[in-house]
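> Generate a structure from the sequence data that follows.
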Amino acid sequence: MPSSLRIALASVLAVCALGAIAPAANAYVYWANFGSGSIGRANLDGSNPEQSFISGLSQVLDVAVDSNYIYWNDQGTSIARANLDGTGVNRSYIGSAGSPLNVAVYGGYIYYVNSGGNSIGRVGVNGTGQNNDFITGLTAASDKAYGVEVDSTGIYVASFNNNRILRWNLDGTNRTWLFDTAPQTGPTGIALRNPYLYTANFDSDSIGRGQWVGTDWSKNFVSGVSLSDPNGVAVDSSSIFWTNTFTNTIGRSNLDGTSPNGSFITGASDPSGITVDALAPAGDLTPSPYDYGAVKAQGGEKLNTFTLTSTGNVALTIEGFSIGGDEGGNYGVLDDSTCFTGGVTLSDGQSCTIVVNFAPQSTGLKTATIDLATNAGFRTASLTGTGVNPPTLVPVRTSKTSSKFKVGCGDSDPCTLRLTGKKVGANAQITPKTVAVGAGQRPVVTLAYSPALKRAFAKGGRLSVTATRLNATGVAKTITVKVRR
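Residues are numbered from 1 along each chain as shown. I've put the predicted structure just below:
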């Protein structure tokens, strides 16, 4: 690879150091104050509580957030929306939504339980594709759906009357019951953090927890005097939060259920649903793993572009970069990689690229990793590639009707070769021939000439033959032989 194209590691690190790390955004816990018609908010440590962060609402029972907006049920018929800072309130963002009780947001959709618990509605976060009956077949008497939560594993609903959890696939199919043998007591709220599912058990004054696949259920994962008619539950990376409707408080415990505090935040008004937006940077580096395949050793090269995409609700910044592994010297970064130009900061959905070249210096498997340090932690991609020698191609016999060659892979691994021939000084081509060559073998192959080439070689001439290794980059061998009359 030309040295002008490779970025030296020290230069990459220097470029990364130029980019200022984005200031950390505050993360909040939000709750629905049914009694006062408001949305409350506080810092995750319980400080700076605002019981009327958004006010002037009615019949608000639940609240949800994504990286851009706050959503809640309002006026008994609508899904409302506001900016994360509480501005831009639209109380009828999704009108005619039936009688929504609880809301969740995931994957570009808002999900909501209709009053009476008879159906689950879904609509795009952009307000399109509204379907109040996305999931039907629930009955108020037996199912009575309350809380709803959604993640990559499915749609989950707390069934108050049946004391169980219902689950569907994300497309609304395959309804199943969870925790059939260990029912809760009056579940109203639900939260997910892989691999666990948490419920607010209104009647038994407890927080339940079990694996989302329906195992390891504990009805009283958090219980005692710290809970009083819990209605909603939310979790982040370190804490469980819940609403105490009877005592008008917000409770909290550690994620393992220890140190419960029923008066973590006071002064609420009939608090119901609760959610948390653990604002944090996140990102994906793709593809990984990536195999460059076979590339000619000492002279061949192959490029691939890797993409870093910001997926969090806080800007993603790059803090350092390296190619690790014992064989990392066979890989290099090209200077048209956009991740290292002027200190990159990526907002949610934005991306940059890293162009990595594989230029094996010797034969054999070469493994390495891209190690990208970000404010969301390390992002890595696994690299593999194999350095190979050119194939061997030795003439055995040439004549005016055909030519025979002994071929080999050039190393100990098996390969597939394609042989092509051409009369030197003319456009006449010989039909390609593909041959599988086993490890260590050197078979003899024959290139038969077409009638036109037989006539062309009747007076002699020279034949150019190329053996190309298939599924490899830059691995070929060409020789020229004299054709006998």
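
> Using neighbour counts, pick out the buried residues of stretch 258-275.
Under the neighbour-count criterion of 16 or more other C-beta atoms under 10 Å, stretch 258-275 has 260, 262, 264-265, 268-275 buried. (Glycine included, C-beta is placed from N, CA and C.)

> What average pLDDT does that stretch get?
For stretch 258-275, mean pLDDT rounds to 96.

> Can you give the distance of it from its chain's centre?
Relative to its chain's centre, stretch 258-275 lies at 33 Å (C-alpha atoms, centre = their mean, to the nearest Å).

> now for it, what's the gap between its first and last residues?
One end of stretch 258-275 to the other measures 20 Å (C-alpha to C-alpha, to the nearest Å).

> Show me the domain layout of this structure.
Domain assignment for the chain, taken from automatic domain parsing, gives 3-22+281-388, 28-277, 392-483.

> Quick one: mean pLDDT for the helix or strand encompassing Gly232?
Counting by DSSP states H and E, the element that carries Gly232 is strand 230-235. The average pLDDT for strand 230-235 rounds to 94.

> most tightly surrounded among the domains of the chain?
Comparing the domains of the chain by mean neighbour count (mean count of other C-beta atoms under 10 Å), domain 28-277 ranks first with a mean of 20.

> Quote the end-to-end distance of that one.
This stretch, domain 28-277, spans 6 Å end to end (C-alpha to C-alpha).

> before we move on, the earlier item: now the buried residues of stretch 258-275 as CSV including distance to Ala436 and secondary structure?
Below are the buried residues of stretch 258-275 laid out as CSV (distance: C-beta to C-beta, whole Å; DSSP: H, G, I helix; E, B strand; the rest coil):
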residue, distance to Ala436, secondary structure
Pro260, 68, coil
Gly262, 72, strand
Phe264, 69, strand
Ile265, 71, strand
Ala268, 73, coil
Ser269, 77, coil
Asp270, 75, coil
Pro271, 71, strand
Ser272, 69, strand
Gly273, 64, strand
Ile274, 64, strand
Thr275, 60, strand
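
> surely Tyr28 meets Asp277?
Yes: at 5.9 Å, Tyr28 counts as touching Asp277 under the criterion of C-beta atoms under 8 Å.

> For Gly37, which non-adjacent residue is closest in space?
Leu57 (4.3 Å; C-beta to C-beta, 6 or more residues apart in numbering).

> Assumed the one you found was part of a strand.
No: under DSSP: H, G, I helix; E, B strand; the rest coil, Leu57 falls outside any strand and is assigned coil.

> how close does it get to Val481?
87 Å (C-beta to C-beta, to the nearest Å).

> Next: Asn375.
To Val481, Asn375 is 62 Å away according to C-beta to C-beta.

> do Ile354 as well
According to C-beta to C-beta, Ile354 and Val481 sit 45 Å apart.

> tell me which helix or strand of this protein sits lowest on mean pLDDT?
helix 9-18 (a mean of 37; mean pLDDT, DSSP states H and E).

> The very next helix or strand once past it pairs with which strands, parallel or anti?
Counting by DSSP H and E, the next helix or strand C-terminal to helix 9-18 is strand 28-33. Using DSSP bridges, the strands paired with strand 28-33 are strand 38-43 (antiparallel), strand 271-277 (antiparallel).

> Run the angle between strand 28-33 and strand 230-235 for me.
Put simply, strand 28-33 runs at 160 degrees to strand 230-235, going by axes from the mean of the first three to the mean of the last three C-alpha atoms, to 10 degrees.

> on that earlier part again, can you list contacts of whichever helix or strand comes after the strand holding Gly232?
Downstream of strand 230-235, the first helix or strand assigned by DSSP H and E is strand 239-244. Strand 239-244 is contacted from outside by 29, 31, 44, 189, 191, 198, 200, 207, 222, 227-235, 249-255, 257, 262, 264, 268, 271-274, 276, using C-beta atoms under 8 Å, 6 or more residues apart in numbering.

> List the strands paired with whichever helix or strand comes after strand 239-244, with their directions.
On the C-terminal side of strand 239-244, the nearest following helix or strand under DSSP H and E is strand 249-254. Strand pairing for strand 249-254, determined by DSSP bridges: strand 239-244 (antiparallel), strand 261-266 (antiparallel).
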